[in-house]
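Chemist: This is a predicted model, with the sequence first.
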Amino acid sequence: MKKKEISCIRNFLNTLNLKQIDKILDEELSKATQEKTPPSTFLYRLLASEVETVIQRRIERRISEAKLPKRKLLADFDFAFQTGVDKAQIMELATLSFVQRKQSLILAGSSGTGKSHIAQALMLIACQNCYRCRYTTAADMLNELIASLADQTLEQKLKKFIYPTVLLIDEVGFDRLEQESARHAALFFKVIDGRYGKNSTIMTTNIDFKQLGEYLGDPVITTSIVDRMVHHAIIISIEGPSYRMFESKKINE
């Protein structure tokens, strides 16, 4: 290939913003010449590299938008220690078929049993499959919605939690929110009702649903929330020891 042609090709790649092809062009041209690669194979390799780069950028953008605090992996979860977790069931969830069915997932259990690890790992997988995701703790979500009432941005803020394909509401029950405002139940309901039957919600909690009314400060509205949360939802109750306590004991032995 002549230098003038290569120069023109680079201009085309720059115009089309095909940065990865531009980056590997010389190497692939050299390889194609040495191996006498068919034009279709040469073109396939260039386009495949570009597509892979685009997908990786998209995944990174999805992870960034999700606001995940950590990139938890199911491979790092100690199923041998936490025997209260059915590994086969969790690996089935990792196929994200429940997301395709728009089902919700509730992980309940005592602190330290691995609920958040599993939930965050599943959300990371969803990001890697280019689903729009959002992570929040229950307290952060409700405090943000309460604050939006003051500047009249509630509808705008609600979209952040209603529209993602997967919403992870972590740590439901860790703060006694009804002591701050009885409006939390109504706001929680708006989020759950807005997502009901449309998108998947993952929730982790350390309280029984019977206590949710006390947690949110309004037993009447809470009944409607629970109805929507559990309808067609996958509910996993993890009964087992705290992994954090286990690690702490090992360190202090």
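Modeler: Yep, that arrived.
Chemist: rest of the way, CA atoms for contacts and neighbours
Modeler: Will do.
Chemist: Name the helix or strand of this protein that has the lowest mean pLDDT.
Modeler: helix 243-252 (a mean of 51; mean pLDDT, DSSP states H and E).
Chemist: out of everything not next to it in sequence, what's closest to Val85?
Modeler: Computed as C-alpha to C-alpha, 6 or more residues apart in numbering, the closest residue to Val85 that is not its neighbour in sequence is Ile238, at 6.1 Å.
Chemist: Return the residues in contact with the one you found.
Modeler: With C-alpha atoms under 8 Å, 6 or more residues apart in numbering as the criterion, the residues that contact Ile238 are 84-85, 107-110, 113, 115.
Chemist: could you dump these to CSV with secondary structure?
Modeler: Compiled in CSV, the contacts of Ile238 are given as follows (DSSP: H, G, I helix; E, B strand; the rest coil):
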residue, secondary structure
Gly84, coil
Val85, coil
Leu107, strand
Ala108, strand
Gly109, strand
Ser110, coil
Thr113, coil
Lys115, helix
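Chemist: Of those residues, keep whichever come out buried.
Modeler: Among the contacts of Ile238, the ones that count as buried by 16 or more other C-alpha atoms under 10 Å are 85, 107-110, 113, 115.
Chemist: could those be laid out in JSON lines, adding distance to Arg57 and pLDDT?
Modeler: Below are the buried ones among the contacts of Ile238 laid out as JSON lines (distance: C-alpha to C-alpha, whole Å; pLDDT from 0 to 100):
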{"residue": "Val85", "distance to Arg57": "33", "pLDDT": "90"}
{"residue": "Leu107", "distance to Arg57": "30", "pLDDT": "94"}
{"residue": "Ala108", "distance to Arg57": "34", "pLDDT": "90"}
{"residue": "Gly109", "distance to Arg57": "36", "pLDDT": "87"}
{"residue": "Ser110", "distance to Arg57": "37", "pLDDT": "83"}
{"residue": "Thr113", "distance to Arg57": "33", "pLDDT": "87"}
{"residue": "Lys115", "distance to Arg57": "29", "pLDDT": "92"}
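Chemist: of all these, which comes closest to Glu28?
Modeler: Glu28 has its nearest neighbour among the buried ones among the contacts of Ile238 in Lys115, at 46.6 Å by C-alpha to C-alpha.
Chemist: Please give me every residue in contact with that closest one.
Modeler: With the criterion set at C-alpha under 8 Å, 6+ apart, Lys115 makes contact with 107-109, 204, 238.
Chemist: now do 6 Å
Modeler: Contacts here follow C-alpha atoms under 6 Å, 6 or more residues apart in numbering; on that basis Lys115 touches Leu107.
Chemist: From Ala75, how far out is it?
Modeler: When distances are taken as C-alpha to C-alpha, to the nearest Å, Lys115 and Ala75 turn out to be 15 Å apart.
Chemist: roughly how far apart are Glu27 and Arg58?
Modeler: Distance from Glu27 to Arg58, by C-alpha to C-alpha: 25 Å.
Chemist: So for those two, which residue has more residues nearby?
Modeler: Under the neighbour definition other C-alpha atoms under 10 Å, Glu27 and Arg58 were set side by side, and Arg58 has more, 17 against 9.
Chemist: SS state for the nearest residue to that one once chain neighbours are set aside?
Modeler: Leaving out its chain neighbours, the residue that sits closest to Arg58 by C-alpha to C-alpha, 6+ apart is Cys130, at 6.9 Å. Secondary structure assignment for Cys130 (three-state DSSP): coil.
Chemist: Assign a three-state SS to His232, would you?
Modeler: With three-state DSSP as the basis, His232 sits in coil.
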